[in-house]
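Colleague: make a model of this:
(one chain, ligands or ions: 2)
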Amino acid sequence: MPAKTKPLVIVTRALPAAVETRLRELFDARLNDDDHPMSQAELAAAVASADVLVPTVTDRIDTAVLSHAGPNLKLIASFGTGVDHIDVQVAMSRGITVTNTPGVLTDDTADMTMALILAVPRRLVEGLEVLQHGEWPGWAPTWMLGRRIAGKRLGIVGMGRIGSAVARRARAFGMQIHYHNRRRLPAVVEQSLEATYWESLDQMLARVDIVSVNCPHTPATYHLLSARRLKLLKKDAYIVNTARGGVVDEAALIRMVEAGELAGAGLDVFENEPALNPKLIKLARAGRIVILPHMGSATLEGRIDMGEKVIVNIKTFIDGHRPPDRVLLSML
Ligand SMILES: NC(=O)c1ccc[n+]([C@@H]2O[C@H](COP(=O)([O-])OP(=O)(O)OC[C@H]3O[C@@H](n4cnc5c(N)ncnc54)[C@H](O)[C@@H]3O)[C@@H](O)[C@H]2O)c1
Ligand SMILES: O=C(O)[C@H](O)CO
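Modeller: Numbers count the residues shown, from 1 in each chain. Ligands and ions are numbered 1, 2, ... in the order given. Take a look at the predicted model:
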């Protein structure tokens, strides 16, 4: 990066005030005051002039955008953990380092995952709606029966930071932990999580009661939960996805819930966010699924921590060191 007093850092979305103040102090920060999602043309213009781009999950930093990258752009310091919105391989081939913000949103996202694991089988939203509509017929032994959580098998797909944090929470609720991961965890970690490893995702799916999707969206995980695999699930199983919509074949999932071939789903992420398949809204209104607008990591503390991580990554990089959260191709 050329020697300049303050590098030009373009931030694509509004961030918490404390983070923006610090960004202004340290860098020549161009902030998005009205918080509008930037168009592809705006992103192209940003990469053409910036020293550092700070995008989020809502920005598509694809080959076309990166083809406009100017000679000064050496770092994309993404505000978020998932990097599927960035063509990392193309960025790297242009000598651009990519960083993310892992770890600081693990607990928040695991909490939201656990909230869905509880909310869907226990019919939490349906209960709320009955009261909101003034339609409570009164307590009855056979009314509004959900399914018990304790003793059920939870199958975690992607046992990384968030997957492991989900496992710890689910153990406390008496669930049995099963997992499928790209790499088996060390025995000592498996023991501490009391988790059973399945090399075969297919075999695990056929045995669990609730699936929690916690792997990144990569070319290898696109529709990992395909129509064929979803059919392996038991008819009374549930699926919870707080990772990325693209990991699950959403159309197949909808068909199966509609047909009663799956008990339900809890979804925080969708294939074409922020556009939602209207069938999902219909199923949610019918109490068959619970849907959330990508809120997994949405806490004030988490957003401030993410901003601090972005700042540390930029500062370390500008000072000539390897940033702590450099994304490597081997992670994808
Ligand atoms: N809903 C939200 O708001 C929210 C918040 C944070 C993160 N996320 C998503 O959660 C994902 C996971 O975050 P993390 O911090 O736990 O990441 P992580 O890297 O710690 O864990 C991901 C795990 O998935 C495994 N994995 C990767 N490819 C796989 C494959 N093909 N098959 C099986 N396992 C595979 C990895 O080995 C790793 O153990 C992120 O990539 C992001 O997409 C969502
Ligand atoms: O990947 C992430 O970090 C979330 O989806 C947004 O915070």
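Colleague: end-to-end on stretch 72-88?
Modeller: Using Cα to Cα, to the nearest Å, the end-to-end distance of stretch 72-88 comes out at 17 Å.
Colleague: check stretch 45-58 too.
Modeller: End to end - Cα to Cα - stretch 45-58 spans 17 Å.
Colleague: does it reach ligand 1?
Modeller: No - Stretch 45-58 lies out of reach of ligand 1 by Cβ under 6 Å from any ligand atom, never closer than 8.0 Å. C-beta coordinates here come from the backbone N, C-alpha and C atoms, glycine included.
Colleague: residues of that stretch that come out buried?
Modeller: 45, 46, 47, 50, 51, 52, 53, 54, 55, 56, 57 (16 or more other Cβ atoms under 10 Å).
Colleague: count of neighbours near residue 297?
Modeller: Counted with other Cβ atoms under 10 Å, the neighbours of residue 297 add up to 25.
Colleague: now it. Its backbone dihedrals?
Modeller: Phi and psi for residue 297, reported as degrees, to the nearest 10, are phi -100, psi 10.
Colleague: chain neighbours aside, what residue packs nearest to it?
Modeller: Spatial nearest neighbour of residue 297, excluding adjacent residues (Cβ to Cβ, 6 or more residues apart in numbering): residue 105 at 3.7 Å.
Colleague: so who does that neighbour touch?
Modeller: 81, 296, 297, 302, 305, 306 (Cβ atoms under 8 Å, 6 or more residues apart in numbering).
Colleague: hang on, the second one packs against residue 113?
Modeller: Yes - when contacts are counted by Cβ atoms under 8 Å, residue 296 is listed as touching residue 113 (7.1 Å).
Colleague: look at these two and report which has more neighbours.
Modeller: Shown here are residue 296 and residue 113; by other Cβ under 10 Å, residue 113 has more neighbours (27 against 23).
Colleague: state the pLDDT value of that one.
Modeller: For residue 113, the pLDDT comes out at 99.
Colleague: spell out which residues of this protein are next to ligand 1.
Modeller: 81-82, 102, 105-106, 109, 158-163, 180-183, 214-218, 220-221, 242-244, 268-269, 294, 296-297.
Colleague: which of the residues you listed fall in helices?
Modeller: Secondary structure from DSSP state H places 106, 109, 161, 162, 163 of those in helices.
Colleague: just curious, which of those residues is nearest to residue 230?
Modeller: residue 163 (19.2 Å; Cβ to Cβ).
Colleague: contact residues of the stretch 51-200 of the chain facing ligand 2?
Modeller: So the stretch 51-200 of the chain meets ligand 2 at 57, 80, 81, 82, 105 (Cβ under 6 Å from any ligand atom).
Colleague: need the contact list for the spatially most central residue of the chain.
Modeller: Taking Cα atoms, centre = their mean as the criterion, residue 243 is the residue nearest the geometric centre of the chain, at 3.5 Å. Shown in contact with residue 243 (Cβ under 8 Å, 6+ apart): 82, 158, 162, 213, 214, 215, 216, 217, 269.
Colleague: sorry, back to before: list the residues that contact both of residue 296 and residue 113?
Modeller: 242, 268.
Colleague: just give me the neighbour total for the residue in the stretch 151-300 of the chain positioned nearest to ligand 1.
Modeller: Nearest residue of the stretch 151-300 of the chain to ligand 1: residue 160, at 1.7 Å (Cβ to the nearest ligand atom). With neighbours defined by other Cβ under 10 Å, the count for residue 160 comes to 20.
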